[in-house]
Structure formats: C-alpha cells, structure tokens
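1. Quick one: sequence and predicted model below, then my questions.
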Amino acid sequence: MCGLSQAGEPQVFGDYTIHYNAFNTDTLQPKMAAAYDIVRSKNRAMLTISVLKKTDSGNKPVRANIAISASNLTGQLRTLKVREVDKNNAIYYLSEFHVSHEEMLNFTLKILPEGSSQSMTVSFRQKFFTQ
C-alpha cells in the first residue's frame, strides 16, 4: 500500500495509522532538544514518526521497522538514520538531517509494524526554509 500526502497528514492503512511531521530543529524548545540529544539549528531538520494500531481499547503505539529515504529536486538520494524513542507508554521514531534554504525534499517512509506482514509506504514532499 502507498499513500501520497501533504506533510503531517496521518495516513491510515487498515488498523494502522501513521503520524509524521518534518520541521527545522531550531523550532524546538532548548530543554526538549537537550532531552532528546537533538542539535537545534536552522540548517537541520528532523522527521518524527509514530505508528498506532487500532485495538478494542483505542489506539496503541507499536514498534516498527522504518526505512526513510529523501531525494532533492536534482535527484540526490539520502538514506536517513532512524532512532526509536520509547518513553511513557509512547513509541516514536526520530530522524535528523541537514537542509539548505528552500530545499524541497521528497520523502519515502517504508514502515513494517511489529507483528504485521504487510509493509506500508508513505510518500510526501516538503520544502525547508533556513533564513
């Protein structure tokens, strides 16, 4: 399955909902950035992802294998590193990367939730501003 969307719009795949957002790290509060070891800078951005599974008692965060790639308009491809954060009954994934002013990136997220045999793909495009 593949969803094409605007950045930040949750994507639903059966019982799973993928939430994601990309933004410059200089918008983070200093305490928040320090708590998660994130460098605050206009030239750095990050992507956050969470995977929720619908259950009888509501949506539950689940672990997932996530691969992220991003390409710019000249076709330069980057594979982004992902790290898992498991805190206070929440599971989410962070990826940090460098950006240039007015850089447009096409992201592809390949997600395989734990316990699922069906992978999901979310694709979106986002422009970053550093000035």
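-> Perfect, I can see it now. Residues are numbered from 1 along each chain as shown.
2. ok, Met120 touching Asp15?
-> No. In this structure, Met120 sits apart from Asp15 without contact. The criterion is C-beta atoms under 8 Å, and the distance is 11.1 Å. Glycine gets a C-beta too; all of them are placed from N, C-alpha and C.
3. if you count what's nearby, which of those two comes out ahead?
-> For Met120 and Asp15, the more surrounded residue by other C-beta atoms under 10 Å is Met120, and the numbers stand at 22 against 13.
4. okay, the more buried one: pLDDT?
-> Among the per-residue scores, Met120 shows a pLDDT of 97.
5. beta partners for it?
-> Beta-bridge pairing of Met120, defined through DSSP bridges, involves Ile111.
6. For stretch 49-64, list every residue counted as buried.
-> Using 16 or more other C-beta atoms under 10 Å as the test for burial, stretch 49-64 gives Ile49, Ser50, Val51, Leu52, Lys53, Val62, Ala64.
7. tell me the two of the residues you listed that are most distant?
-> Set against one another by C-beta to C-beta, the buried residues of stretch 49-64 have their most distant pair in Ile49 and Lys53, with a gap of 14.2 Å.
8. thinking again about what came up before, please produce JSON lines containing the buried residues of stretch 49-64, extended by secondary structure.
-> Listed next are the buried residues of stretch 49-64 as JSON lines, based on DSSP: H, G, I helix; E, B strand; the rest coil:
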{"residue": "Ile49", "secondary structure": "strand"}
{"residue": "Ser50", "secondary structure": "strand"}
{"residue": "Val51", "secondary structure": "strand"}
{"residue": "Leu52", "secondary structure": "strand"}
{"residue": "Lys53", "secondary structure": "strand"}
{"residue": "Val62", "secondary structure": "coil"}
{"residue": "Ala64", "secondary structure": "strand"}
